[in-house]
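> Here is a sequence with its predicted model. Questions after.
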Amino acid sequence: MFRRKVSQPPRRMKTPFRPAIHPMTLLRQTTVLAAVCVLAAGFDWAGAGFGARHAAAAGAEFEAGYKGVHASPVTGAPSGSAASKERDGQHDRYALRMHLYERIAMATGMPWYMVAAVDQYERTLSRARPNDRPVDKNALSGVYVPPRRWAGMTNPDEGDTHPVSIRFFGGIGRDMDGDGRADLASDDDRLYSVARLIAKYGSADDDFAIGLWEYYQQTRAVQRVQQFAKIYAAFDRLDLNEHVFPLPPGTRYSYRSTWGTRRSWGGVRIHEGTDIFASYGTPVRSTCYGIVETMGWNRYGGWRIGIRDLDNLYHYFAHLSGFDKKLKPGDFVRPGQVIGWVGSSGYGKPGTQGKFPPHLHYGIYRDSGWVEWAFDPYPLLKKWEREEKRRR
């Protein structure tokens, strides 16, 4: 150990140059100090570390036990060979998402499929309203939280990442990944912060519905997230994005783009779908994984069935001659499952038939969270038709 001799005069230390503190930095430090002083007595320090501890444990488990997924160090997206990049990349992304949901489920007490349903609903809203809900395209989680709601409405620092000051100002942001910061850009922090608010009412179906209502304050959101949770629970996996053409391969049919053409029966309106002409009684198949939302008679569409998928798209099959008698609202369907048969029902009271040639009217609608609108299904039909032919 170096020791200074007694006879040596003490060295004069030069005062290092310190630049002036930026006003925002000073404000942030003062804010955190004030929040710490106010919350220190009553803050649940054991509870605050719950998410971090489980995140660290789950992360170690993932590193040790799941060696099949390799993520890019730059974007976090899975990487793979050029030949199978799209297929393997999608599979690895689902694996990463599933592990994220399991971590959040462990920290909140909610089943993974409920966490996945919340995340997927948020993702569909961001796809429908990208300008209002900007989310990084490489993010694993689809959750969007406005910065003000994250940091607290009265927080002078909208970009605050300090969990204590965020809590002091009533923000919802929390630290889940254990880095000591409530980071809005972190998939773990963002999804955990939303899931914990919903989970505090419990994980039973009724409690889940109450938590969803308290967070979204909207009946439509509660219904959609519950539907998504039921679909994930029924099929017990995430990769449910397969689609097929609504009529079976090998059957004779014809169709063209009929989107937007005029319709006169029942008032002036436009055609919101594609007509696929086929013989009476030709099987009609579900185009997707989903849940039966509507069945019955509609004076325009006759006997019709509506299926909701995990992209928050409503698939509408109309003018049927009948349904599969085993189906009922709330049942789950998979791609290629027969749900009914081509007919010519509609344009009148229940049972009206034959006012036009037999065909399937196929429409598709997107839910933005507040309204639902139709868009042209013809490009998707052509895509699914090509893909199914390649698979044969």
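Here it is on my side, so go on. Since this is a predicted model, take the numbers as computed values, not measurements. Residues are numbered from 1 along each chain as shown.

> Spatially central, which residue of the chain would that be?
Centroid-nearest residue in the chain, with Cα atoms, centre = their mean: Gln120, separated by 1.5 Å.

> Which element, helix or strand, includes Glu272?
Secondary structure assignment for Glu272, by DSSP states H and E: no helix or strand.

> Next SSE downstream of the helix or strand harbouring the residue nearest to the centre of the chain?
Secondary structure assignment for Gln120, by DSSP H and E: helix 112-128. Where DSSP H and E defines the elements, the next helix or strand beyond helix 112-128 is helix 147-151.

> which stretches of the stretch 201-350 of the chain form strands?
Per DSSP state E, counting those that start in this stretch, the stretch 201-350 of the chain carries strands over the ranges 253-255, 262-263, 269-270, 274-278, 283-285, 290-298, 302-308, 313-323, 332-333, 338-342.

> Could you give the average pLDDT over the fifth one?
Here strand 283-285 scores 98 as its mean pLDDT.

> before we move on, the earlier item: leaving out chain neighbours, which residue sits closest to the residue nearest to the centre of the chain?
Phe228 (5.3 Å; Cβ to Cβ, 6 or more residues apart in numbering). (C-beta placed from N, C-alpha, C; glycine too.)

> Spit out the contact partners of that neighbour.
Ala116, Ala117, Gln120, Tyr121, Leu310 (Cβ atoms under 8 Å, 6 or more residues apart in numbering).

> Now with 7 Å, please.
Contacts for Phe228 (Cβ atoms under 7 Å, 6 or more residues apart in numbering) come out as Ala117, Gln120, Tyr121, Leu310.

> Count residues in the vicinity of the third one, would you?
Looking back up the chat, that one is Tyr121. Tyr121 is flanked by 26 other residues according to other Cβ atoms under 10 Å.

> Spit out the contact partners of it.
Ala221, Arg224, Val225, Phe228.

> rewinding a little: state the distance from the residue nearest to Gln120 to Arg149.
22 Å (Cβ to Cβ, to the nearest Å).

> Then Leu381?
Using Cβ to Cβ, Leu381 is found at 40 Å from Arg149.

> In terms of neighbours, single out the busier of the two.
Leu381 (22 against 16).

> three-state assignment of the more buried one?
Here Leu381 is recorded as helix under DSSP: H, G, I helix; E, B strand; the rest coil.

> Just grab the bridge partners of the residue nearest to it when sequence neighbours are not counted for me.
In space, and not counting its chain neighbours, Leu381 is closest to Thr274: 6.0 Å by Cβ to Cβ, 6+ apart. Beta-bridge partners recorded for Thr274 (DSSP bridges): Tyr362.

> Looking at stretch 357-376 now, give me its mean pLDDT.
91.

> per-residue confidence for the residue nearest to Gln120?
pLDDT recorded at Phe228 is 98.

> And the helices in the chain, which stretches?
For the chain, the helices defined by DSSP state H occupy 23-39, 45-48, 50-65, 85-108, 112-128, 147-151, 163-168, 187-199, 205-216, 219-235, 378-391.

> which one of the ones you listed is the most hemmed in?
With neighbours taken as mean count of other Cβ atoms under 10 Å, the helices of the chain reach their highest mean count in helix 187-199, at a mean of 25.

> Need the residues that contact that helix.
Residues outside helix 187-199 that contact it (Cβ under 7 Å, 6+ apart) are 51, 55, 100, 103-104, 107-110, 115, 118-119, 139-141, 143, 145, 172-177, 182-184, 211-212, 215.

> Equivalent analysis for stretch 130-143, please.
75-77, 96-97, 100, 119-120, 122-123, 125-126, 144, 187, 190-191, 194.

> What of stretch 239-247?
Under Cβ under 7 Å, 6+ apart, the answer for stretch 239-247 is 94, 231, 253, 276, 278, 282, 284-285, 287-289, 310, 317, 335-336, 360, 362, 381, 384-385, 388.

> Kindly recompute the last result at 8 Å.
Contacts with stretch 239-247, where a contact means Cβ under 8 Å, 6+ apart, come from 90-91, 94, 231-232, 253, 276, 278, 282-289, 310-311, 317, 335-336, 342, 360, 362, 380-381, 384-385, 387-388.

> Now do the same contact list for the closest residue to Tyr201 other than its chain neighbours.
Excluding the flanking residues, the one nearest Tyr201 by Cβ to Cβ, 6+ apart is Gly211, at 4.1 Å. With contact taken as Cβ under 8 Å, 6+ apart, Gly211 is in contact with Leu197, Ile198, Ala199, Lys200, Tyr201, Gly202.

> quick revisit: closest one to Met153 out of the contacts of Tyr121, please.
Distance to Met153, by Cβ to Cβ, is smallest for Ala221 among those, at 21.1 Å.

> Same question for stretch 170-180: list its buried residues.
Within stretch 170-180, the residues that qualify as buried are Gly171, Ile172, Gly173, Arg174, Asp175, Met176, Asp177, Gly178, counting by 16 or more other Cβ atoms under 10 Å.

> Oops, could you answer that again for stretch 355-369 instead?
Residues Phe356, Pro358, His359, Leu360, His361, Tyr362, Gly363, Ile364, Tyr365, Arg366, Asp367, Gly369 are the ones in stretch 355-369 that count as buried (16+ other Cβ under 10 Å).

> Determine which two of those are furthest apart.
The span of the buried residues of stretch 355-369, defined through Cβ to Cβ, is set by Pro358 and Gly369 at 36.5 Å.

> in this structure, what secondary structure element scores lowest on mean pLDDT?
Least confident helix or strand, the chain: helix 45-48 with a mean of 35, by mean pLDDT, DSSP states H and E.

> And the pLDDT for the nearest residue to Pro350 once chain neighbours are set aside?
Nearest residue to Pro350, sequence neighbours excluded (Cβ to Cβ, 6+ apart): Trp297, at 4.5 Å. We have a pLDDT of 94 for Trp297.

> And Trp297, how close does it get to Gly348?
Separation of Trp297 from Gly348 (Cβ to Cβ): 10 Å.

> And Val292, by the same measure?
Using Cβ to Cβ, Val292 is found at 24 Å from Gly348.

> okay, the two: which has more neighbours?
Counted by other Cβ under 10 Å, Val292 and Gly348 do not tie: Val292 has more neighbours, with 20 against 15.

> Fine by me, thanks again.
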